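Peer 1: Provided below are the primary sequence and the corresponding predicted coordinates.
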Amino acid sequence: MATSKETSFNLSDEDVEMSALEWVDLQHKIDQLQGNQETFLQKAKRRTLENPIAPLGLIAACGFLAFGLRALNKGDSRTQQLMMRGRVTAQAIGIGSIMLGLMMASKE
């Protein structure tokens, strides 16, 4: 049988801290070289303008869900079923628009 050799690394706290600080410094240098970076809101706005149907599908699905839960709480099963079907449709439209946007982006 072969025996395995175990190698242990004894890093002091100073070595670990130094490597972490070097990583932060490297990330800062990379960010400076890349130039201006988008914030989350800027990226969300750009993506919404590129594909406006996806966020509308999300908003519609949330609206259908809220009204469906309200109807469920009231005991109105007919309205609740209608709202849940609307939610599924809105989700399908949102996912479909995302997939269509990905297909169009891959062709470019």
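Peer 2: Cool, the structure landed.

Peer 1: from here on, contacts and neighbour counts on C-alpha atoms
Peer 2: Fine.

Peer 1: buried stuff in the helix or strand where residue 66 lies?
Peer 2: If you go by DSSP states H and E, residue 66 is part of helix 53-74. Going by neighbour count (16 or more other C-alpha atoms under 10 Å), the buried part of helix 53-74 is 53-61, 63-69, 71-72.

Peer 1: cool, and stretch 98-107?
Peer 2: Buried-residue list, stretch 98-107, by 16+ other C-alpha under 10 Å: residue 98.

Peer 1: which helices and strands sit right next to the top helix by length along the chain?
Peer 2: In the chain, with assignment by DSSP state H, the single longest helix is helix 77-107. Using 3 or more C-alpha pairs under 8 Å, 6 or more residues apart in numbering; DSSP states H and E, the elements in contact with helix 77-107 are helix 53-74.

Peer 1: outside of the helix it packs on, which residues touch it?
Peer 2: 48, 77, 79-84, 86-88, 90-91, 93-95, 97-98 (C-alpha atoms under 8 Å, 6 or more residues apart in numbering).

Peer 1: which intervals of the chain have sub-threshold pLDDT?
Peer 2: Across the chain, residues meeting the criterion (pLDDT under 70) sit at 1-18, 20, 35-36.

Peer 1: now do 80
Peer 2: 1-24, 26-28, 30-38, 108 (pLDDT under 80).

Peer 1: picking that back up, for ChimeraX, write a command that selects the buried ones of the contacts of helix 53-74.
Peer 2: The buried subset of the contacts of helix 53-74, as determined by 16+ other C-alpha under 10 Å, is captured in ChimeraX by this line:
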select :79,80,83,84,86,87,90,91,93,94,95,97,98
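
Peer 1: how far off centre is the helix holding residue 66?
Peer 2: 20 Å (C-alpha atoms, centre = their mean, to the nearest Å).

Peer 1: continuing past the helix or strand in which residue 24 is found, what's the next helix or strand?
Peer 2: Here residue 24, judged by DSSP H and E, is contained in helix 13-34. Of the helices and strands lying after helix 13-34 in sequence (DSSP H and E), the nearest is helix 40-50.

Peer 1: tilt between that following helix and helix 77-107?
Peer 2: Relative orientation of helix 40-50 and helix 77-107, computed by axes from the mean of the first three to the mean of the last three C-alpha atoms, to 10 degrees: 90 degrees.
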